[in-house]
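Asker: Whatever this is, show me its structure:
(one chain, ligands or ions: 1)
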Amino acid sequence: MLGLPRALLYYKYGLLWETFLKNLGIDIVTSPPTSKLIVEMGLDVAESEICMPVKIFYGHVKYLIEKQKVDAVFLPRMVAIEKPAYTCPKFLGLPDMIQAAFPEANIISETFNRKKGLRSYYQSYINLAEKLGAKKWHSIKALLKAEKISYEFSKKLHSGDSFSEAINKVKTKKKDSKIINHNRSNIRVGVAAHSYNIYDEYYSLNLLNKLKSMGATYITPDNVPHNIWAKYSNKLPKFLFWTYERELVGSAFYWIEKGMVDGIIYVMSFACGPDSIVQYVLEDEAKKFGIPMLTIVLDEHSAEAGLITRIEAFIDMLERKKR
Ligand code: SF4
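Answerer: Below is the predicted model:
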């Protein structure tokens, strides 16, 4: 049985990976959503100075090995998904870091580098399938199915669905409703954050659902198509090296410039190098356009009561400003 950690880039490519592996006929199991136990397992084994999302990733791997008794762990090395940027250095080193922490574990890894062209990127999937014992023609068929479902998922996100709505619709093949979900209420918030920071309900203290329960609607970088965030992130005087930060900055710039949001909530992780740079870039831009911005820093000590108070005060302030 092959285990998939439900952490980090799982929130970007989990659907693609699961569809690919299932269509290869591989018996897969995904770790459960993050819990107190998983966080503790991660803290137990990870280096203290790494960022919290990586610590959580360690916890998921440990859970898969010790509780779900998997034979191997799937752990792709995502180097680059666009030219000329890279992913965060943590993603480049993740398979080695995990192997060092779990020397006995069977880590199934493959390097994905879109800088080398699309052909090489697809070849990585074929190589991965070969490692799992699949034939080339079989892996191409599985990849086509996985790419198709991933494309449908992105289309739903770009049309305004939230992450869970899009996943649900793609998995159940439900039709789109005519309403664009993120324009239903008075207060619209742009939540600028990595997908693993906000869709992990335990780690984010259920931030997105809290916004909904306070009557606000939200939009996230996943709702913004690649060509748009790439264009807006290029407005920075200097090229930003990391793709997922470019996505975050470009999306927020787009919302701000187009007047699509009443405020921005920036969610960052403690000990994240790239996030600490992005924070100042976003604050500058929001200030220039008079858009209020709230920064929330998540770590293992984040508490729900404090978060609720801060979000409530922020939403109240946005409402007063709007009136
Ligand atoms: S971008 Fe930040 S939070 Fe994400 S893996 Fe890199 S250091 Fe960690």
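Asker: Quick check: residues of the protein near the ligand?
Answerer: Residues of the chain found near the ligand, taking CB under 6 Å from any ligand atom as the criterion, are 51, 53, 54, 88, 90, 194, 269, 272, 273, 274, 275. (Each C-beta comes from the backbone N, C-alpha and C, glycine too.)
Asker: Most neighbours among those residues, please name it.
Answerer: residue 194 (27 neighbours; other CB atoms under 10 Å).
Asker: mind listing the strands for the stretch 201-323 of the chain?
Answerer: 217-219, 263-269, 293-298 (DSSP state E, counting those that start in this stretch).
Asker: sorry, back to before: tell me which of the residues of the chain next to the ligand fall in helices.
Answerer: Among the residues of the chain next to the ligand, DSSP state H puts 53, 54, 90, 273, 274, 275 in helices.
Asker: Adding pLDDT, write these out as CSV.
Answerer: Converted to CSV, those look like this (pLDDT from 0 to 100):
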residue, pLDDT
53, 97
54, 97
90, 94
273, 90
274, 91
275, 90
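Asker: what bits of the stretch 101-250 of the chain have low per-residue confidence?
Answerer: Low-confidence segments of the stretch 101-250 of the chain (pLDDT under 70): 175-185.
Asker: Tell me the residue of it that sits nearest the ligand?
Answerer: Taking CB to the nearest ligand atom, the ligand has its nearest neighbour within the stretch 101-250 of the chain at residue 194, 5.7 Å off.
Asker: and that residue, what is it in contact with?
Answerer: Taking CB atoms under 8 Å, 6 or more residues apart in numbering, we find residue 194 in contact with 53, 244, 248, 267, 269, 275.
Asker: before we move on, which element is residue 121 in?
Answerer: Counting by DSSP states H and E, the element that carries residue 121 is helix 118-131.
Asker: Following element in sequence after that helix, please.
Answerer: Taking DSSP H and E, what comes next after helix 118-131 is helix 136-158.
Asker: quick one: that following helix to helix 118-131, angle?
Answerer: 120 degrees (axes from the mean of the first three to the mean of the last three CA atoms, to 10 degrees).
Asker: Please identify the buried residues of helix 136-158?
Answerer: 139, 142, 143, 146, 149, 150, 153, 154, 156, 157 (16 or more other CB atoms under 10 Å).
Asker: Tabulate those residues (TSV), appending distance to residue 58.
Answerer: Output for the buried residues of helix 136-158, formatted as TSV (distance: CB to CB, whole Å):
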residue	distance to residue 58
139	29
142	29
143	29
146	26
149	29
150	26
153	27
154	29
156	31
157	28
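Asker: Nearest to residue 127 among these?
Answerer: Nearest to residue 127 among the buried residues of helix 136-158: residue 139, at 8.9 Å, using CB to CB.
Asker: what sits against that closest one?
Answerer: So residue 139 contacts 24, 125, 126, 128, 129, 130 (CB under 8 Å, 6+ apart).
Asker: Looks like the fifth one contacts residue 138 (just checking).
Answerer: Yes - taking CB atoms under 8 Å as the definition, residue 129 is a contact partner of residue 138 at 7.0 Å.
Asker: quick revisit: nearest to residue 65 among the strands of the stretch 201-323 of the chain would be which one?
Answerer: The nearest among the strands of the stretch 201-323 of the chain, by CB to CB, is strand 263-269 at 24.1 Å.
Asker: tell me the mean pLDDT over that closest one?
Answerer: Across strand 263-269, the average pLDDT comes to 97.
Asker: helices or strands next to it in the packing?
Answerer: Strand 263-269 is packed against strand 188-193, helix 195-198, helix 207-213, helix 243-257, helix 273-288, strand 293-298, helix 304-322, with contacts defined by 3 or more CB pairs under 8 Å, 6 or more residues apart in numbering; DSSP states H and E.
Asker: List the buried residues for the fifth one?
Answerer: Spelled out, it's helix 273-288. In helix 273-288, counting by 16+ other CB under 10 Å, buried: 274, 275, 278, 279, 281, 282, 285, 286.
Asker: residues touching the third one, list them.
Answerer: Same thing as residue 278. 192, 245, 248, 249, 266, 268.
Asker: again with the second one
Answerer: With contact taken as CB under 8 Å, 6+ apart, residue 275 is in contact with 194, 245, 268, 269.
Asker: Going by distance to residue 20, which of those wins?
Answerer: For the contacts of residue 275, the nearest to residue 20 is residue 194 (22.6 Å; CB to CB).
Asker: how close does the residue in the stretch 151-300 of the chain that the ligand sits nearest to sit to residue 172?
Answerer: Closest contact between the stretch 151-300 of the chain and the ligand, by CB to the nearest ligand atom, is at residue 272 (3.1 Å). Note on residue 272: its distance to residue 172, by CB to CB, to the nearest Å, is 35 Å.
Asker: what residues are up against the closest residue to residue 127 other than its chain neighbours?
Answerer: Residue nearest to residue 127 in three dimensions, not counting chain neighbours: residue 110, with 5.5 Å by CB to CB, 6 or more residues apart in numbering. Applying CB under 8 Å, 6+ apart, we find residue 110 in contact with 76, 77, 124, 125, 127, 128, 131.
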